[in-house]
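[1] give me coordinates for this.
(one chain, ligands or ions: 1)
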Amino acid sequence: MFDRSQFPDGFLWGAATSAYQIEGGAQGGAGRNHWDDFAATPGNVEGAENGDVACDHIGRMDEDLDLLKDLGLDIYRFSTSWARVLPEGTGTPNREGLDFYDRLVDGLLERGLKPAWTLYHWELPSVLADRGGWRNRDIGDWFAEYADLMASRIGDRVWSAAPINEPWCVAWLSHFEGVHAPGLRDIRAAARAMHHVLYAHGRAVEVLRGANVSNVGAVCNFEYSNPASDSEADRRAARTYDAIYNRFFTGGLFHGAYPEEVLEGLEPHLPHGWQDDMPLIGQPLDWLGVNYYTRKNIAAAPGPWPALAPVDGSLPKTQVGWEIYPEGLRHFLNQVARDAPGLPIYVTENGLAAEAPHQDDQRISYLTDHIEQARKAMAEDGVPLAGYITWSLLDNYEWSLGYGPRFGLVHVDYDTLERRPKASYHALRSALKRSA
Ligand code: GBH
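    So this is what the prediction gives:
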């Protein structure tokens with residue numbers, strides 16, 4: 001798969017999951033979240049599947065941590081569920097939820113694994129969604145309260161913290177494309193969410209710093225934007241897509257400004273006085289996480305801004321039809337290294353859905369090719385890459401696509417909930433074994 005000796009000592013290897021996708025169960029006093037609601041509305045999720053049981057990680061945590069340990073990883077990237085610890089979003093905490101995350105962090109430390117904590121991986125408490133969720137600026141106060149509670153509980157033992165997983169998904173995919181909860185298709189809602197997600201990030205960073213949580217960073221997702229043709233119109237559409245997807249959030253985090261190509265469409269809808277939040281949003285970070293999976297082919301399309309649409313491409317595809325384009329990872333690692341010179345960078349997600357329940361050779365070659373591009377970014381381009389975390393440890397709930405797509409190194413039988421390491425798990429395990 002790769003030769004560990006080609007990576008510096010101290011380069012960290014890991015796997016990621018997220019709370020709603022694996023934990024299961026509102027059992028244990030968790031409150032409802034907007035994914036419970038979204039999944040219950042017909043037409044939103046394949047087969048109307050939801051996270052009620054998922055992988056029952058709540059019930060099988062020790063087994064899952066053993067799988068990480070046996071694989072020989074250094075880092076486990078996980079998230080905590082807001083509604084599990086604050087069923088009403090704010091106010092009275094759920095002790096059982098807090099105890100679970102205590103045990104999770106302790107279980108990682110006992111096994112010599114570094115806990116890389118994400119505060120928000122998409123399951124917003126329903127009561128807060130009902131008050132406007134990410135469209136409401138009060139999300140800054142609500143999120144700060146949640147960050148404060150969790151920092152006081154696990155903040156002393158985590159290795160790193162990132163407030164929000166993939167701001168693009170939280171804002172654009174959920175409020176403009178309507179693919180994720182709350183499923184809106186509304187430019188004004190999207191514009192507000194685009195800004196508020198960064199504002200809430202800034203509020204949480206302040207809280208985490210105040211609580212002396214170490215190693216505070218951010219995790220953004222990137223998708224290579226390829227013009228569907230050489231026409232000027234398609235090239236312009238691809239630039240707009242790239243700006244919305246790949247440059248808006250890093251613009252806020254590292255340049256104190258949003259790209260012109262996005263302001264063109266969003267400015268009239270942004271919340272009043274948004275510029276005043278830029279210093280808060282741009283607070284210094286300790287690291288940046290890059291999530292990368294695929295490229296999109298973008299064509300100009302009729303209609304109002306952004307007037308573009310993805311079209312089918314010609315590269316080999318994964319189980320869910322995403323094109324495989326490893327060079328894109330090197331491209332974005334270089335881009336973010338220019339945005340934030342010297343800042344340590346981690347690949348915080350990279351992986352694919354592959355049907356094969358056990359002999360998942362496509363995953364082995366996908367990971368091999370992407371890790372090679374990451375290595376080149378580091379060794380040949382000088383990108384300060386410090387680690388690589390794959391998505392995902394387990395097959396899990398793939399949001400709107402339900403349980404069909406299998407992203408795990410470990411197969412999960414959803415009838416018995418039995419875990420079974422795939423060929424990719426074994427391949428990664430041998431690559432990680434130090435030969436000397
Ligand atoms: C990550 O999102 C998430 O953090 C994680 O929860 C998720 O399980 C993982 O990826 C795998 O998807 O259907 O062709 O329109 C990555 C960002 C955004 C990438 C949506 C794919 C849809 C492509 N994803 N995008 S398409």
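[2] how close does the nearest residue to residue 186 once chain neighbours are set aside get to the ligand?
    In space, and not counting its chain neighbours, residue 186 is closest to residue 175: 6.4 Å by Cβ to Cβ, 6 or more residues apart in numbering. Any C-beta I mention is one placed from the backbone N, CA and C, and that applies to glycine too. Distance of residue 175 to the ligand, given as Cβ to the nearest ligand atom, to the nearest Å: 14 Å.
[3] surely residue 175 meets residue 181?
    No. Checked against Cβ atoms under 8 Å, the pair residue 175 and residue 181 is beyond contact range at 10.0 Å.
[4] ok, longest strand in the protein?
    Using DSSP state E, we find that the single longest strand of the chain is strand 287-300.
[5] tell me which stretches of the stretch 51-200 of the chain form helices.
    57-71, 82-85, 95-110, 126-130, 139-154, 167-168, 174-175, 187-210 (DSSP state H, counting those that start in this stretch).
[6] tabulate those (CSV), appending mean neighbour count and mean pLDDT.
    Listed next are those as CSV, based on neighbours: other Cβ atoms under 10 Å; pLDDT from 0 to 100:
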stretch, mean neighbour count, mean pLDDT
helix 57-71, 18, 98
helix 82-85, 27, 98
helix 95-110, 17, 98
helix 126-130, 21, 98
helix 139-154, 21, 99
helix 167-168, 24, 98
helix 174-175, 26, 98
helix 187-210, 23, 98
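[7] so for residue 400, which of the ones you listed sits nearest?
    Of all these, helix 174-175 sits nearest to residue 400, with 10.4 Å by Cβ to Cβ.
[8] which ones are touching residue 154?
    80, 101, 102, 105, 115, 117 (Cβ atoms under 8 Å, 6 or more residues apart in numbering).
[9] check contacts around residue 38.
    Contacts of residue 38 (Cβ under 8 Å, 6+ apart): 44, 45, 180, 181, 182, 183.
[10] helix, strand, or coil at it?
    Counting by DSSP: H, G, I helix; E, B strand; the rest coil, the backbone at residue 38 sits in helix.
[11] relative to residue 428, how far out is it?
    From residue 38 across to residue 428, the span is 33 Å (Cβ to Cβ, to the nearest Å).
[12] what about residue 158, neighbour count?
    23 (other Cβ atoms under 10 Å).
[13] do I have it right that it meets residue 116?
    Yes. Here residue 158 reaches residue 116: they are 7.3 Å apart, a contact under Cβ under 8 Å.
[14] bridging residues for the residue positioned nearest the centre of the chain?
    Centroid-nearest residue in the chain: residue 165, 4.0 Å away (criterion: Cα atoms, centre = their mean). For residue 165, the beta-bridge partners are residue 219 (DSSP bridges).
[15] so what's it scoring on pLDDT?
    As predicted, residue 165 sits at a pLDDT of 98.
[16] again with residue 39
    For residue 39, the predicted pLDDT is 98.
[17] so what does the regular element (helix or strand) spanning residue 425 touch, helix or strand wise?
    Here residue 425, judged by DSSP states H and E, is contained in helix 423-432. Contacts defined by 3 or more Cβ pairs under 8 Å, 6 or more residues apart in numbering; DSSP states H and E place helix 423-432 against helix 57-71, helix 361-379.
[18] which ones are touching the residue in the stretch 151-300 of the chain that the ligand sits nearest to?
    Closest residue of the stretch 151-300 of the chain to the ligand, Cβ to the nearest ligand atom: residue 221 (4.6 Å). The neighbours of residue 221, taking Cβ under 8 Å, 6+ apart as the test, are 166, 168, 169, 245, 291, 292, 293, 349.
[19] change it to 6 Å
    With contacts defined as Cβ atoms under 6 Å, 6 or more residues apart in numbering, residue 221 is in contact with 166, 168, 291.
[20] so which residues on this structure come close to the ligand?
    18, 21, 165-166, 169, 173, 221, 291, 293, 322, 349, 391, 398, 407 (Cβ under 6 Å from any ligand atom).
[21] restricted to strands, list the residues you listed.
    221, 291, 293, 349, 391.
[22] what bridges to the fourth one?
    Put plainly, it is residue 349. Listed beta-bridge partners, residue 349: residue 291 (assigned using DSSP bridges).
[23] number of nearby residues for it?
    23.
[24] over to the third one?
    As a burial measure, residue 293 scores 25 neighbours (other Cβ under 10 Å).
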